[in-house]
Every structure is written in structure tokens, then in C-alpha cells.
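1. Show me how the following folds:
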Amino acid sequence: MSGHSKWAKIKHKKGATDAKRGAAFTKVIKEITAAAKDGGGNQETNIRLRAAIQRAKGINMPMNNVENAIKKGTGELPGVVYETTIFDAYGPGGVALLIECLTDNKNRTTAEVRNILSKKNGALAGAGSTAWMFTKKGYITIEKNKIGEEELMGIALDAGADDFKAEGDTYEITCEPAAFETVKAAIGKKLSPASAEITMIPNSTVKVMGSDAKNVLELMEVLEEHEDVQNVSANFDIPEEEMNRLAEQAEKE
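-> Numbers count the residues shown, from 1 in each chain. The predicted model follows:
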């Protein structure tokens, strides 16, 4: 899980900057519209919509935007129809990627994703060629200085979590998607998680160093900045000391 957790930490730290970008609003509006189209406009019965609305609140999106996006999804307002498209790909060092998109033009998005990959020594792969390397899980992180390990482990496992581990300065909790809301709510009674999402977790990881590590991180960032890309999962494992070295190098550049 290390590749996912390290990228999640990077995203969390830079989230305040990303939230200022128009692309952040665009991504969430697409997700809300698609979720409402697939499962209806009631967030109490539509888990995907509820999660999307939480994302919207996290970036301070006006509720008027949220409501209009829901209405476009349910057909109460005219709007664009978005298609879910998933790309299997490989990045530098043989890292497996699963790129989830929402688009109104699959051909355009395919060409643009292919172009991004090629610039960072990556390439699209056949359908399903990397998807089997990931499992959909609820994933929650909590900063270690907020709560004791035994107390948090007890709360999480009692609520239905299936894995708990300490990684760096955070605790990581995983659970089945069906148990995600219950586990999140149980933890939420005690404290607010650093992050909480249903995502694709790699079943195994590939260790990358040096230029491959740098290119993987740059590739992840460029892909996630694309307005059609909703999520990128990867199975890279970059050692902590290498991550620190790359961070110091980036500050100097």
C-alpha cells in the first residue's frame, strides 16, 4: 500500500493549492453529475453522490453549484452527459497505473492521456492489463499525534475495518467499500481523518528510485491535473529517504 499512501500524503499536503485551480471544481462537478445520473439525486441513498458532495465541501464549492450539478445528472436541468472511462497503463520503472476519467469525448481524452504518458516514459496498455493489480477499498488516514494507536485500532476494527497499520507519521485503515461509511462515522465521533476515500489499492508494489521515481511522481501530478481525470491509482513504492531527497531537489529547482 506504500505507493498509494505516499501519493495520498503528497496530495493532502498540496490540496490547498489545488483547490484554487478551476480544474478542481470541474472534476467534482463532473463526479456529482455522473453520480446523480447513475444513482439518483438523494445523497442518503446514493453513496457515490454523498462522497462527491463531501469532496465539494472540502474545496469550498458553493452549494448552488452542487445543486445544479445534481439537477443536471437527474435531468432536471440540461447538461452534458459524461462517460466513465478507465485506462490501464504503465509508467516509468514498470509501475502499473489505473486512470479513471469522466469525459464527454472519449477520443479526445484518450489522445490527451496517451500524450501525457509518452512524455514521462509511460504508455497505455490493453484493457484490464493493470486493473487486476488493484482492489477497491475504503481508505482512511489519521495523523499519529491525534490519537493513540490502540484506541484508534479498537474503534476501527470494531466498526468493521479489515486492516490497520502505522506508516510514517500516520495510521492507515482499510475496509471493504460497503463498510466505509460505518468505519468513517465511528472514527468521526472521535476525530476528523486526514483523508477518507473509496479508492483502488495496489495488491503489490514496484520499487522505483532515481529518475524513474521522479518521473513517476511528475506523471501522477500531470495526470491528476487533467480535468477529465478523476483518480489515478499506482503501485509504486518509493523509499522514504528517496522521497525526501526528491522533495529537497524539487525545492532547489
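
2. can you give me the strands in this protein?
-> Secondary structure of the chain by DSSP state E: the strands cover 83-90, 96-103, 123-124, 134-143, 163-167, 170-175, 195-202, 206-207, 229-234, 236-237.

3. In space, what's closest to M133 - neighbours in sequence excluded?
-> Of all residues not flanking M133 in the chain, A96 sits nearest, at 5.0 Å (CB to CB, 6 or more residues apart in numbering). Using the backbone N, CA and C atoms, a C-beta is placed for each residue, glycine as well.

4. give me every residue that touches that neighbour.
-> Contacts for A96 (CB atoms under 8 Å, 6 or more residues apart in numbering) come out as 88-90, 130, 133-134, 202, 206, 234-235.

5. do the same with G91
-> For G91, the contacting residues are 97, 117, 120-122, 215-216, 219, 234, 236, by CB under 8 Å, 6+ apart.

6. Just give me the neighbour total for the closest residue to it other than its chain neighbours.
-> Among residues not flanking G91 along the chain, G122 sits closest, at 4.1 Å (CB to CB, 6+ apart). Neighbour count of G122, defined by other CB atoms under 10 Å: 22.

7. Give me the domain ranges for the chain.
-> Structural domains assigned to the chain are 2-74, 83-132+204-238, 134-202, following automatic domain parsing.

8. what's the span of the last one, first residue to last?
-> With CA to CA, to the nearest Å as the measure, domain 134-202 spans 4 Å from end to end.

9. quick one: average pLDDT of that domain?
-> Averaged across domain 134-202, pLDDT comes to 90.

10. roughly how far out does that domain sit from the chain middle?
-> Its chain's average C-alpha position is 15 Å from that of domain 134-202, according to CA atoms, centre = their mean, to the nearest Å.

11. Confirm for me that I140 is in contact with I187.
-> Yes. Counting by CB atoms under 8 Å, I140 touches I187, with 6.5 Å between them.

12. can you list residues touching both of those two?
-> Both I140 and I187 are in contact with 156, 173, 193, where contact means CB under 8 Å, 6+ apart.

13. excluding its backbone neighbours, what's nearest E225?
-> Excluding the flanking residues, the one nearest E225 by CB to CB, 6+ apart is A23, at 6.2 Å.

14. List the contacts of K30.
-> Per CB under 8 Å, 6+ apart, neighbours of K30: 82, 102, 228, 230.

15. could you redo those as a markdown table and give each row neighbour count, distance to F180 and pLDDT?
-> Below are the contacts of K30 laid out as a markdown table (neighbours: other CB atoms under 10 Å; distance: CB to CB, whole Å; pLDDT from 0 to 100):
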| residue | neighbour count | distance to F180 | pLDDT |
| --- | --- | --- | --- |
| Y82 | 21 | 23 | 89 |
| L102 | 22 | 21 | 93 |
| D228 | 24 | 25 | 93 |
| Q230 | 23 | 17 | 91 |
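
16. Of the residues you listed, just say which sits nearest to A56.
-> Of all those, Q230 has the smallest distance to A56: 13.4 Å, by CB to CB.

17. give me every residue that touches the closest one.
-> By CB under 8 Å, 6+ apart, Q230 lies in contact with 27, 30-31, 100-102.

18. For K207, see how far away it is.
-> Distance of Q230 to K207, given as CB to CB, to the nearest Å: 27 Å.

19. give me the number of residues near T135?
-> When neighbours are defined as other CB under 10 Å, T135 has 13 of them.

20. quick revisit: could you check how far the residue nearest to M133 is from E167?
-> Here the distance between A96 and E167 works out to 20 Å (CB to CB).
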